[in-house]
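[1] here is my input, please return the structure:
(one chain, ligands or ions: 1)
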Amino acid sequence: MTREIAVLFVCLGNICRSPLAEGVFRHLLDQEGLADRFRVDSAGTDSWHVGESPDARSVRTAAAHGISLGGHARQTLPEDFRRFDYIVAMDRSNLADLQRFRDGVGGEASLYLLREFDPQGEPGAEVPDPYYGGPKGFEDAFAMVERSCRGLLDHILEEEGMAS
Ligand code: 4NP
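    The predicted structure is shown next:
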C-alpha cells in the first residue's frame, strides 16, 4: 500500500481559519482524485475552543463556495510532529508556537506558513485572524486559503515525486 501523506493545518483556536483550510484542501484533493493518498486534519495551538464545531461564520463562508466543514476543535499534540509530514500555520504567531513546541518534543514534520504558497502573498504573509471582525474577514480568509492551497498541493506533489 502506498504511504499516506499527512497534512495538518494549524491556527490559534481551530474554529475559524484552520477548519477552513482543511475543508478547502480536502475539496481540492477530491477534485484532483487524490483524496485516498492523503490524511488531512486541523488543530489549534490554544485549548479555549476544544470540542467546538467550526465557527458558524467559517461554515457559512465555505458553504457559499460549495464546501462543507466538519470536525471538532482540538489542540496540537506532541505526536502531531511525528504523525504529520506537513504542518501548515495560518500566521507567524502560530508558526513560532509550533517551532517552539517542536523544539521541545522533537519530530520530523516540516513547518510552513500557508501563504508561502499564495501567488499573491508577500514573504511572511499571514491569514489574519477573523474572529473579532465582520464577515469580510472570513471572505478574505477564504480567498487567501483557496489561492494558497493550490500552491501547497503543487509543492507537496513535487516533494513527494508525484508531480505530473
Ligand atoms: P482561529 O480564530 O484561530 O482562526 O480559530 C480564533 C478563534 C478564537 C479566538 C481567536 C482566534 N479567541 O480569541 O477565542
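[2] who are the packing partners of the strand or helix carrying residue 22?
    Per DSSP states H and E: residue 22 is located in helix 17-32. Helices and strands touching helix 17-32, as assessed by 3 or more C-beta pairs under 8 Å, 6 or more residues apart in numbering; DSSP states H and E, comprise strand 5-11, strand 38-44, helix 56-64, helix 135-159. In short, each C-beta sits where N, CA and C put it, glycine included.
[3] looking at those, which is nearest to residue 107?
    Each of these has some distance to residue 107 by C-beta to C-beta; the shortest is strand 5-11, at 11.3 Å.
[4] give me the mean pLDDT for the closest one.
    On average, the pLDDT along strand 5-11 is 98.
[5] kindly report the same for stretch 113-128.
    97.
[6] for the helix or strand hosting residue 87, output the C-alpha coordinates as PDB.
    Residue 87 is part of strand 86-89 when elements are defined by DSSP H and E. Taking only C-alpha atoms (Å, rounded to 0.1, in the frame of the first residue of the first chain), the coordinates of strand 86-89 have been written out as PDB:
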ATOM      1  CA  TYR A  86       3.400  18.800   6.600                       C
ATOM      2  CA  ILE A  87       2.200  21.200   9.300                       C
ATOM      3  CA  VAL A  88       0.900  24.400   7.900                       C
ATOM      4  CA  ALA A  89       0.300  27.500  10.100                       C
END
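[7] ok, that strand near the ligand or not?
    No: with C-beta under 6 Å from any ligand atom as the criterion, the ligand is not reached by strand 86-89; the gap is at least 10.3 Å.
[8] what does that strand rub up against?
    Here strand 86-89 makes contact (C-beta atoms under 8 Å, 6 or more residues apart in numbering) with 5-11, 21, 80-81, 95, 98, 109-114, 152, 156.
[9] perfect, that will be all.
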